[in-house]
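Visitor: Sequence isn't available, so here's the structure alone:
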């Protein structure tokens, strides 16, 4: 797509809210309940003992599968929160990992080193992460566009350095810091209670989706969308873009911190890789793969990305791949190679991500039906 | 006293490394508006290509002229990959800034994973001439030769870049394009050729940084470019995007600050000071030290 | 009627969802100055930029634009310019960090001899100030440089966007003189707010209003119609002092305050 001149090019999907695209009439009555139904299905999933060979290693209710699913759900929520910045406001932050890491390490340090009860640690951490986002956002938002991206990247790097250098012996440095579970509520500890962590992750995801949905439907959300499309227009209306962007940045930072708290509980500790810029880059990949600015795209993107990231490792060591010639089997055993390549292809061929697949497939299916 | 000299020279060595990476980033960004996350990949390609050439390429080796041949091969490889990336991946997305950044992000993930798949995740010993392991006594300080080599290389690259920008037609186009790309096309110039050129130059400089940086560290690993890249980004922002001279000043400031504070303060504190410097510069001069102007 | 050098048919431009131009059609005569008029924000600059292929990326252009037999819209800007479409943008857009000579050298093209004689004859100042940075020139000098840069090569048509904007009255007259001489050899499509300049230069006029063509015809006829110019152009506040002293320029003398906002 060079200069857009032909009338039949569809508008970028990001500009069309999911709920406004006309669907089939019989679906219309049911559609508002679809998210609720999905939530219920996800909530009762752990009661199933179905075995899905190839997709999961154990039955659905096995602790390993539930933990993987919980991680996927957390990242679904994380991606949805990040999309508040990228897809809905048009801010390209490369430092979102910082607030997630603040959640992970904040909880871990307060529980393990300071011995606080979990609820206090969690509350303090989320408050602290939100304040951190507000402060750093206030500085970073003095720049726009690519400079903003670089500044947020640099701030996140500070987090990575702080954690890696282990100032004051708090973070455990490169080794990471296992969570001291002795003071935690019994329901969140132990392999048999993984299901509770799964529900916690599901609750987090539901919370993020709800918040993002409410915000984007509010007057503030419309201003944010206006900032994304053309910042000058918002300025002309007499609104201060800086304040609105700071609100979005702070809110997204707070949501990411909350995600960090949940993630810390699921994996039982903190490791320095959560501070890496690669994590932010993966968030970006998740959102773009899923469909920026859509309600479900980032969620699906996040879940799918984390699933693939975990499962591709197993896929890479499977016989099917190992039997391939070396020049194929080696790259395919690297999840990041596969995901990075898929991502590049998605940027070219599916600019709207997974969420746009339906609208893109519509002409095809109608054409097929006519035959 | 000798400690100060040692710190200054090793700091300058670090600055040289930053400058080699940042100058290309800065030109690519200044001219084409592409925030190139794949720049670290060019560095990795340069390092691994040099490493490979020293062991496999006829005429190349770990010492003397053979080493020069190996480095030249590495630089050419980095440059070639950069040109390929520009032509195949960046150009079709011309003027779609965000998509271009996304593609370079994907490329940086996939590229590093590919290096890892081919040569393993662990650091490998890097072939280097014997004299680079020695030290030279400068005013009583024992300075590693590899660091001095980096400083000399960066100075030569800086001089060559400035001469290129000032005295050649393409240099003129690049300086004008950094200021107002649209107006360059409105004078009948195909500015995209200049894009390819700055990618080639930036790729070559990054590959040189990869090769000589590996000599300095003694090893080569796939993730090497990543951490360097972040500091190079900081250098670019502080120096002003599109300004080669600004990048040089900023690289020196960042390198020295980091080295001195890390030595006299706690280890890691210098890195934090660099980010602090970035914040201060942004608050005082949001356009960076030199603004968005390619000074010759 | 002779063949037009440029014909615009049904040109529509949408930027960030806003319709800036809606079905604009007009022609540019092969000689003399055709002036594009209208109040601020009606899409004059958008029209010129669409013709030369510089619509921003979030914009969408439809319609046809032809220079002679050649269709322009699908081609990249640098090709159009090399084919003889000279463009002098709004706000001059000289390269501030480059010297005057470097600004001119940038316009040189392989295979053709740049017409430095012609340019320096028109603007002796540019010759004298060759080593000065363009950013340190006065507004008038920058405008001369912006025009001179384009005149180094042969053009089939010049697009000139508000060349007198923000200039002192005396300099406005100088710029108008230069454009008059330029227009003797090459047709010009001019966007201009200063009606004194329009009166002096323009042969034909196209008036835009709210993204559509509101009036086309002889420029001097238009200027005689006080009521029409007032309603279409909201003239008054933009006419400089020097213009009002000229006898016979009736339209601008009825000053309507705030009409151009």
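Guide: Yes, it's here. The structure presented is a predicted model; accordingly, all values stated were derived computationally and were not measured. Residues are numbered from 1 along each chain as shown, chains lettered A, B, ... in the order given.
Visitor: Every contact and neighbour count from this point should use C-alpha atoms.
Guide: Fine.
Visitor: Around chain B, pick out the residues from the stretch 151-300 of chain A.
Guide: The stretch 151-300 of chain A has residues A:151, A:153-155, A:157-158, A:161-162, A:165, A:278, A:281, A:284-285 near chain B, with proximity defined as Cα under 8 Å from any Cα of the partner chain.
Visitor: In helices, which of those residues appear?
Guide: Judged by DSSP state H, the subset of these located in helices is A:151, A:153-155, A:157-158, A:161-162, A:165, A:278, A:281, A:284-285.
Visitor: Turn the residues of the stretch 151-300 of chain A next to chain B into TSV, including neighbour count and distance to residue B:76.
Guide: As requested, these are arranged in TSV below (neighbours: other Cα atoms under 10 Å in any protein chain shown; distance: Cα to Cα, whole Å):
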residue	neighbour count	distance to residue B:76
A:151	29	32
A:153	25	30
A:154	26	30
A:155	23	34
A:157	25	31
A:158	21	34
A:161	20	33
A:162	21	37
A:165	18	36
A:278	18	28
A:281	22	29
A:284	29	32
A:285	28	31
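Visitor: and the two most separated of those residues?
Guide: By the measure Cα to Cα, A:165 and A:285 form the most distant pair in these, at 28.2 Å.
Visitor: number of nearby residues for residue C:58?
Guide: Neighbour count of residue C:58, defined by other Cα atoms under 10 Å in any protein chain shown: 14.
Visitor: what does the stretch 101-250 of chain A put close to chain C?
Guide: The stretch 101-250 of chain A has residues A:229-230 near chain C, with proximity defined as Cα under 8 Å from any Cα.
Visitor: can you give me the helices in the stretch 101-250 of chain A?
Guide: In the stretch 101-250 of chain A, the helices defined using DSSP state H, counting those that start in this stretch lie at A:118-140, A:145-165, A:194-217, A:219-229, A:231-236, A:241-267.
Visitor: can I get those in JSON lines with distance to residue B:37?
Guide: What follows is those, written out as JSON lines (distance: least, Cα to Cα, whole Å):
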{"stretch": "helix A:118-140", "distance to residue B:37": "19"}
{"stretch": "helix A:145-165", "distance to residue B:37": "11"}
{"stretch": "helix A:194-217", "distance to residue B:37": "29"}
{"stretch": "helix A:219-229", "distance to residue B:37": "23"}
{"stretch": "helix A:231-236", "distance to residue B:37": "26"}
{"stretch": "helix A:241-267", "distance to residue B:37": "23"}
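Visitor: what's the least confident stretch among these?
Guide: By mean pLDDT, the lowest-scoring of these turns out to be helix A:231-236, with a mean of 74.
Visitor: That one: which residues count as buried?
Guide: The neighbour-count criterion (16 or more other Cα atoms under 10 Å in any protein chain shown) identifies A:231, A:234 as the buried residues of helix A:231-236.
Visitor: What is that helix packed up against?
Guide: Contacts of helix A:231-236 with other secondary structure elements, assessed using 3 or more Cα pairs under 8 Å, 6 or more residues apart in numbering or on different chains; DSSP states H and E, are made with helix A:219-229, helix A:241-267.
Visitor: Endpoint to endpoint, stretch C:104-114 covers what distance?
Guide: Using Cα to Cα, to the nearest Å, the end-to-end distance of stretch C:104-114 comes out at 9 Å.
Visitor: Pull out the buried residues from that stretch.
Guide: Applying a neighbour-count criterion of 16+ other Cα under 10 Å, the buried positions in stretch C:104-114 are C:104-108, C:114.
Visitor: can you name the two of these that are farthest apart?
Guide: Applying Cα to Cα across the buried residues of stretch C:104-114, the maximum distance is between C:106 and C:114, 10.7 Å.
Visitor: Could you pull up phi and psi at the residue nearest the centre of chain C?
Guide: In chain C, the C-alpha closest to the average C-alpha coordinate belongs to residue C:160, at a distance of 2.2 Å (Cα atoms, centre = their mean). With angles defined as degrees, to the nearest 10, residue C:160 sits at phi -120, psi 120.
Visitor: On the pLDDT front, check it for me.
Guide: We note a pLDDT of 94 for residue C:160 in this prediction.
Visitor: Also residue A:364?
Guide: Each residue has a pLDDT score; the one for residue A:364 is 61.
Visitor: Would you mind listing what in the stretch 1-150 of chain C touches chain A?
Guide: Residues of the stretch 1-150 of chain C lying near chain A (Cα under 8 Å from any Cα): C:16, C:57, C:59-62.
Visitor: In those residues, which residue is surrounded by the most others?
Guide: Using other Cα under 10 Å as the contact criterion, the top neighbour count among these goes to residue C:61, which has 23 neighbours.
Visitor: Specify the local secondary structure of the closest residue to that one other than its chain neighbours.
Guide: By the measure of Cα to Cα, 6 or more residues apart in numbering or on different chains, the closest residue to residue C:61 outside its immediate chain neighbours is residue C:13, 4.6 Å from it. Using DSSP: H, G, I helix; E, B strand; the rest coil, the three-state assignment for residue C:13 comes out as strand.
Visitor: Could I get the pLDDT score of residue C:13?
Guide: What the model reports as pLDDT for residue C:13 is 92.
Visitor: so residue A:187 makes contact with residue A:199?
Guide: No: assessed by Cα atoms under 8 Å, residue A:187 is found out of contact with residue A:199, at 11.6 Å.
Visitor: contacting residues around residue B:184?
Guide: With contacts taken as Cα atoms under 8 Å, 6 or more residues apart in numbering or on different chains, residue B:184 has the following neighbours: B:173, B:176-177, B:190-191.
Visitor: Pull the residues that contact stretch A:189-209.
Guide: Identification of contacts with stretch A:189-209 by Cα under 8 Å, 6+ apart yields A:39, A:42-43, A:46, A:61, A:63, A:66-67, A:69-71, A:73-74, A:76-78, A:80-81, A:181, A:187-188, A:255, A:258-259, A:262-263, A:265-266, A:295.
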